[in-house]
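>>> Pasting a predicted model and its sequence here:
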Amino acid sequence: MISVIGQRFRPVTGIVKEFIFSYLQFQIKNAVVLDLFAGSGAVGIEALSRGALFVYFIDRSKYSINILKKNLEICNFTQKGSIIQGNVFSQLPRLGEKGHTFDLIFADPPLHHNLRAKIVTYVDTYGLLKNKGVLIVKHKKMDYDEDKHTIEMVKQKNFGINVLSIYI
């Protein structure tokens, strides 16, 4: 698989991916997944390799999208993924309006923008998470979510200066 390189890109480390997929080991099979701020598609493609049914990838970078397309081809997953190029916060309402819901949503936004609360609010507002679905947001420790949602944070895991917050 090809990685996205450069200071603007934040590839998910192996230890973070290992935690995510250990946590989701019984939920990934036949799941419909949404990979937000997808980059090279590493998390979504890992989900496919572990039995996910389909993955929607959203990223606004043409560079990332080109690498993601190549990675889907390399892994023979072109029929199991849909790539949406655009801003996550303009695409989430569109997915909700079309009635899309997901078993797993993973978000790895640019950490310096403190987008955790906004992501959770959009996922909640547009009803994107299926019943018993899981939303995982990677963020920095000082990115707080004090908003009220109908989805609930059930776990946090620290990885140095980064945190994974898990909502259901």
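Here it is on my side, so go on.
>>> What lies in contact with the helix or strand containing Gly44?
In this structure, Gly44 sits in helix 42-49 according to DSSP states H and E. Here helix 42-49 makes contact (CB atoms under 8 Å, 6 or more residues apart in numbering) with 1, 3, 11-12, 17, 20-21, 28, 31, 33, 35, 38, 52, 55, 57, 71-72, 75, 77, 80-81, 104, 106, 108. Every residue, glycine included, has its C-beta placed from N, CA and C.
>>> what separates it from the chain centre, distance-wise?
Offset of helix 42-49 from its chain centre (CA atoms, centre = their mean, to the nearest Å): 10 Å.
>>> Now do the buried residues in it.
Buried residues in helix 42-49, counted by 16 or more other CB atoms under 10 Å: 42-48.
>>> right, and the helix or strand after it?
strand 54-59.
>>> looking at this, Gln91 is in a helix?
Yes: counting by DSSP: H, G, I helix; E, B strand; the rest coil, Gln91 is found in a helix.
>>> what's the neighbour count on Lys62?
Lys62 has 9 neighbouring residues, counting by other CB atoms under 10 Å.
>>> ok, now how distant is the one residue sitting closest to the centre of the chain from Lys148?
In the chain, the centroid-proximal residue (CA atoms, centre = their mean) is Phe106; its distance is 2.2 Å. Remark: distance between Phe106 and Lys148 (CB to CB, to the nearest Å) = 23 Å.
>>> cool, and Ser49?
Ser49 is 36 Å from Lys148, where distance means CB to CB.
>>> swap in Asp103?
If you measure Asp103 against Lys148 using CB to CB, the figure is 24 Å.
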